[in-house]
Structures are given as structure tokens and as C-alpha cells.
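> Need a 3D model of the sequence below.
(chains A and B)
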Amino acid sequence: MYTDDAMIVKNIALLGHKDHGKSTLIGSMLMQTGAATQVRINEAKEYSRQLKKNFEPAFILDSFAEERTGEMTIDTTRAEIKFKDMAFALIDVPGHEELIKNMISGASYGDIALLIVSAKKDEGIRDQTKRHLFIARMLGIESLVVAVNKMDLIGYDEGKFQEIRDGLAEFITKIGFERASVSFVPISAYNGENLVKRSLNMKWYKGRPLIETLYAYAKREGRKQADALRIVTQGAIPSAKGELVVGRIVNGTVKTGEKVSVLPAGEAAVVKEITVKGSKVKKAVFGENVALRLDRKVIAELRGAVISSASSKPVVSDLIRAKILVTGKIRKDSVIKFNGVDISCKNVKVLNGISTTTGERNSSKTAKLLEAVDAEVRLARKIPIEGYDVTRELGRFVLYSGKKFAGIGIIRE
Amino acid sequence: MIKQDLKTLEEKSIFVIREAKLKFNNVAALWSMGKDSTTMLALTRKAFLGKIPFPVIHIDNSIDFPETYKFRQDLAKKWKLDLIVADSEIRPDLIGSACCGKNKPDTLKKVMDQYGFDALIVSIRRDEHGIRSKERYMSPRDKNFKWDYKNQPAELWDDYSSKLDAKGHVRVHPLLDWNEIDIWRYVKQEKVPTNPLYFSRNGYRYRSLGCTHCTVPLKSNAKNVDQIINELAVTKDEERSGRSMDKEREYVMQKLRSLGYM
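Down below sits the predicted model:
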């Protein structure tokens, strides 16, 4: 294998209310770490001039004409920076409420969350600030850095910084972040203060600058993978000796000779041959895309099926209990997207509501837009499921009502 | 330029390419004979036991470089490609971005209609351009090829939108995560065949390949893949700086892409 100085890239999902400075922060980080080319910086300067504004670092990211003239990010994008022996992909997302589907699309790739809260008068902690945090935690992000922004506009007031920290602390714990995985950093994204270098204007802040804080979290061990074999299949492909099942290993390892079960039907089979990237191997591991020859022809549909270890199988059921974030109208006949296939719902029964801005459960029996619910979803057929914290791929789904993105669901047990 | 883990990139691309083939009824790939789309074909061979199980389309405006045609001929034979050459006529009244925005997409529309393709694999990367960085892995286009960039579908957890409008198609972007330098590191690792125009001759090389009318070589002494990797590790120049259409003002790439440019 050819090896060189390749870097581990950690995805940092930006969160926060519109206009609190997400894109500006990324633009400044790109400039301070030398990741933005002069061409891109000059282009951003030129467009700032054309729009008769002071230089706007956000324009390095916001590439659409509408994003620059409208001063808002419309869709997610990402930009990479290097720091020490690591790289970060900073995922920008829109802060506007109506663009929540683009925010979720971006944040779903995040390893670490970076929340921006403006300390400026009349900005501060908003509903969208908390909702973004709620969504990030629901998606399974465990580490959080809160950048308290625009400190330059409030005279670098430590009291205001503390106020925002105290104002968020309870909510953050309530939705399931651990204290040891949350840090607060006072910054000025526009001036580039406390991003890479410590700001002389905030000597009262004794912690690390933003990038060092992110680095410390990025160095922590990632989520532990479960051991039991799970392969989500994409379908079958022809080969000289008959059909091969193709899919991706989402948990565990697969070995030749292993007894497996093809779910949801539960057909038993033995793995005869494993191909990874065109080469035959005796064993394949988590994350690899495999092509398997089984000892018999599987009768069941192979798109969206699960090949599981025969001795330790996931539950197969047509009734799932899930926490659902509501992004559109959820109907009885909504459809869930689950590992590449669409499955019709027979019923979606709301058990209780969950406020995305307080984290509190309530007695609501309806799915309100931008709120969450605990629900029971009855499906038209059985699927193999597992808790999201055990096997992510078997514990999550996307909800559609007709063509409309209606929500995301996390299966708890 | 950041070098990413090639195995991670490779697995993601193989997953997306297999998904394109197994999710849609009739998929094709665009092949410009450049480094990116040739790498995509190499990845496809990895995904499908050494075969490329769908047609590859070259939109041929007859003004590509002679080296490019030679490369097309050789590799089509070696990899047994099901090659569709779609002739695109150059019109003297369309210059620069007008040419890119009209000729190639128009020709592509004809091919897509003729064969009834419902998905098209295109080897764009996020790091090429700010507008391309806003793309999804799978992105629906309507029958006029329009990219509704202000209202893209949600895309999360490798579960891509499959809702298609009548006669529309889905653009599939398996190389979205790769950086330019990763492509060259993969070319080295896998010995992916490359168009000779990428290597320096008389102090110049092509870093991004378009047709003869709109592509100029850049100053470079990189004569082989290793030297290209070293050059890219330190360069401050943009990859497409030799492509004249990108330099036209006023969001030309955004307009081109929204109209169906690849």
C-alpha cells in the first residue's frame, strides 16, 4: 500500500442562528490557517467592493450570487483546514429556519459540533441556537464547542460571555451532552480573535483558542463499533460464477465460512467468498464495501436487506419506536427511507411531544413543525432494526410525505 | 492542499457508484478522458469486479487535443468500454462560456433522451470551485437539465433522494469529497492511466483539461505523477486557472451549472 502524509479529517458541523457569524468564522479560519487561496480571497474582496461593503470573509464560502447579495447562506458546503497533524472539514450550514433540511444535511456528517452564538446586543441565545444544538445531539454528535462571537462589538465584556455560557449550560446538559465534552470560547470571527491565536483583548479568558479546542476533541477516541456483523446490502451483481451480494459492512467483520442470516426474511446462508475492491480476501472489516458469494441463492429482495451474524441478530419488526424531528407535515401514509429503500407507513402515532428549544417532553399528540416527538411508526413490512447507538445504519430513517422532506427519526432501542 | 485518507475516499466512492448502478434503471457516466473521470472509471472497475457495467459518454466537439483522442482510443480498448461518442458541433457565434453553456449540455440532452438514461455519473469535486462545492452526491435535474440549487433535496445518511420529475435525471457525484492532490495520489497508487498532457513539456503542463479553444497550459516542471503531487502540495494557484470560462465575471459557473453544465 502506498502511504504518505495523509491526514485524518474530522468533520466540524457549524451550528447557530442566522447572522451570528458561521460563514464569517469559516472564512476567517481559512485565511488564518492559509487554506484559502489568494484567488478566492481576492474574489471575495472584489465582490465585497462591488456590493459596497467592507471585506466580508463569508464570501469565501458563500459562492452563490444570492448568498452574497442576500447576506445569507442558502446551502451547506465545506472547507478544509490543516492544524498540526490533523485536518478539519468545516461544514457550513444555513441558519434560517426554512432551510433546516440543508442544515440537517450538513450537520449529519459532523463529528464535532461548533455552535456560534453572537454576544451582540439583541442577538444572543435564540430558539434556532438551541434547536440546532438539539438536532446535533439527536444526530449523535457528542463533542461541542460554543464560540461566543462578536466580542469586539461588546467591548470584550467577560460578563456577557459568562451570561451566554450560563444561559446555555442547563439546556446543553438536558439534551444529553456531557459537561466534559463541552467548551466555550469567546471570539471575534470578523477580526479573527481567539481563532488560531490568543486575543490580547480578552486576557481574562484562560482557555485555549478555538482551533486548539477543536483539536483536543478531535484527538479523542471515536465512537466504539459494535462487534456483531452487520452488512447493509445494496443489491446483487453478476459474476462468472453467479450472483454476488454487494453491500457495506456497518458493524463487525465478515469471514469466509461464516454462518449468516439474511434479514428481514431470516434466510440462513454461509459466506463462501469475499471480494473487496476486486480482490478475493478471507476477511473484511467495518467500513469496507464487499461482494459476497453465498452458498445458496437468496430468494429475498437484496436491496436494503441486512446480512447479520447468525448468532447475534438485530430485531425484525414492523413497529418502531423512534424520536422524530419534524420538518414537514407527517401523515399516516408517509414513507420512511431506510438504507436505500422506501417503506410505506401504515400509521404514525405520536406518544408525546419534545420541545427542541427546552428539551422538555410534553403531552402534545400532534407533530408540530420544528419540534420533536416520541412516536410509534407502524410500517407496511418488517425491517431489521437496532438502537442508533449500537448500529447507526439500522437505527435511523428519513421521513417523506409525498415529495416533501417531513422529518428524521432515531430509533432508541 | 490537504491529503486525505485514500481508503476512506475510495470506499465512499465505490459505495456511491454501486448505489448509482443498483438504484437507477439506466445509468451512464460522462468521460472527458481527464484525470477525474478516468479515476472514476478505475473506481468503477473496483466496484464491479474489473468491469464497467454502464456506458460512458464522451461529448465530442471535435476540438479536443490529439493526445486526448489517442488516450480515448487506447483506454476504450484496454478497459472494454461501452463508449458513446456524442458529436457536438462548435458554433462560431458561441464563444467562451456561451459555448460551454450551450453546446455540450445540448448535445448531452440529446444523448440522454436517445438512450433514456435516468442517472448520470459526473466526476466533479468540491475543491474545484465554490459553486461545485455546493453540490450533493446525488442531485436531481429536471427535463431541461435545470439545477434547482436554491431548493436541493435533503441528503443525509447515504440515503439519497429518489424522487424524480418526469423525464428528469439524477446527477451522481462519487468524487465530491476528493481533493485534486488525492486524485493524483490515487493515480499513483493504482497506476491509473493518464492523459500525457498533464505532464510538463517545455516548462508547461495542463492542470485541468478542456478543449483546445479554452484551455491553456500552466508553467510547471512536473514531468511525472510524483512531481505533480509535490507541486500540488505547495501550490497557491487554483486548479482551473487555465480554463478561460471560469474567469469570466459574474457567477459564470453558477449560471453554467444551473443550466446543465457538467
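> Please make it C-alpha for all contacts and neighbour counts, starting now.
OK.
> where does the chain dip in pLDDT?
You didn't say which chain, so I picked chain A. Residues of chain A that meet the criterion pLDDT under 70 lie in A:1-4, A:62-76, A:95, A:97-98, A:413.
> let's do chain B instead
Ranges of chain B meeting pLDDT under 70: B:94-101, B:159-166, B:211-213, B:241-262.
> what ranges do the helices span in it?
Applying DSSP state H to chain B gives helices spanning B:6-23, B:35-47, B:66-78, B:97-115, B:180-190, B:225-234, B:244-247, B:252-258.
> Would you tell me which one of those is buried the most?
Of all the helices of chain B, helix B:35-47 carries the top mean neighbour count, a mean of 23, counting by mean count of other C-alpha atoms under 10 Å in any protein chain shown.
> helices or strands up against that helix?
helix B:6-23, helix B:180-190 (3 or more C-alpha pairs under 8 Å, 6 or more residues apart in numbering or on different chains; DSSP states H and E).
> For A:Ile172, give me its contacts.
Residues in contact with A:Ile172 (C-alpha atoms under 8 Å, 6 or more residues apart in numbering or on different chains) are A:Leu133.
> could you measure it against A:Arg131, distance?
Here A:Ile172 is placed at a distance of 11 Å from A:Arg131 (C-alpha to C-alpha, to the nearest Å).
> swap in A:Leu153?
Taking C-alpha to C-alpha, one finds A:Leu153 at 25 Å from A:Arg131.
> go on, B:Glu231?
According to C-alpha to C-alpha, B:Glu231 and A:Arg131 sit 44 Å apart.
> again with A:Gly235
Using C-alpha to C-alpha, A:Gly235 is found at 37 Å from A:Arg131.
> which non-adjacent residue is nearest B:Pro140?
B:Val170 (4.2 Å; C-alpha to C-alpha, 6 or more residues apart in numbering or on different chains).
> what's near enough to touch the one you found?
Contacts of B:Val170 (C-alpha under 8 Å, 6+ apart): B:Asp118, B:Ala119, B:Leu120, B:Met138, B:Ser139, B:Pro140, B:Arg141, B:Leu164.
> pretty sure the fourth one is in contact with B:His169, am I right?
No - taking contacts as C-alpha atoms under 8 Å, B:Met138 lies outside contact range of B:His169: 10.0 Å.
> re earlier: which stretch among the helices and strands packed on helix B:35-47 approaches B:Lys78 most closely?
Proximity to B:Lys78 (C-alpha to C-alpha) singles out helix B:180-190 among those, at 15.6 Å.
> What helices and strands are in contact with that closest one?
Here helix B:180-190 is seen to pack against helix B:35-47, helix B:225-234 when contacts are counted using 3+ C-alpha pairs under 8 Å, 6+ apart.
> possible to save the ones you listed as CSV with distance to A:Glu163?
Formatted as CSV, those follow (distance: least, C-alpha to C-alpha, whole Å):
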stretch, distance to A:Glu163
helix B:35-47, 50
helix B:225-234, 44
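> Out of the ones you listed, which gets nearest to A:Phe88?
Of all these, helix B:225-234 sits nearest to A:Phe88, with 16.9 Å by C-alpha to C-alpha.
> Extract the C-alpha trace of stretch B:45-58 and format it as CSV.
What follows is stretch B:45-58, C-alpha atoms only, in CSV (Å, rounded to 0.1, in the frame of the first residue of the first chain):
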residue,chain,number,x,y,z
ARG,B,45,-13.8,-1.4,-12.0
LYS,B,46,-13.0,-1.9,-8.3
ALA,B,47,-16.7,-1.8,-7.5
PHE,B,48,-17.8,-4.3,-10.3
LEU,B,49,-15.1,-7.0,-10.4
GLY,B,50,-13.0,-5.3,-13.0
LYS,B,51,-15.9,-4.4,-15.3
ILE,B,52,-17.6,-1.1,-16.1
PRO,B,53,-21.2,-2.1,-16.2
PHE,B,54,-22.6,1.1,-17.9
PRO,B,55,-22.0,3.1,-21.0
VAL,B,56,-19.5,6.0,-20.9
ILE,B,57,-20.3,9.1,-22.8
HIS,B,58,-17.8,11.5,-24.4
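> so where do the helices sit in chain A?
Going by DSSP H, chain A shows helices at A:22-32, A:38-50, A:65-69, A:100-107, A:127-138, A:158-174, A:210-218.
> Would you mind giving the ones you listed as a markdown table with distance to A:Val335 added?
Converted to a markdown table, the helices of chain A look like this (distance: least, C-alpha to C-alpha, whole Å):
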| stretch | distance to A:Val335 |
| --- | --- |
| helix A:22-32 | 33 |
| helix A:38-50 | 42 |
| helix A:65-69 | 32 |
| helix A:100-107 | 17 |
| helix A:127-138 | 21 |
| helix A:158-174 | 31 |
| helix A:210-218 | 36 |
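> quick one, phi psi at A:Thr358?
For A:Thr358, the backbone dihedrals (degrees, to the nearest 10) come out as phi -120, psi -20.
> residues contacting it?
A:Lys130, A:Phe171.
> same thing with the one 5 residues further on?
Taking C-alpha under 8 Å, 6+ apart, we find A:Ser363 in contact with A:Leu351, A:Asn352, A:Gly353.
> quick one: which of these is nearest chain B?
Closest approach between the contacts of A:Ser363 and chain B, by C-alpha to the nearest C-alpha: A:Gly353, at 23.5 Å.
> what bridges to the closest residue to the closest one other than its chain neighbours?
Distance criterion C-alpha to C-alpha, 6+ apart; nearest residue to A:Gly353, sequence neighbours excluded, is A:Val373 at 4.3 Å. For A:Val373, the beta-bridge partners under DSSP bridges are A:Ile324, A:Gly353.
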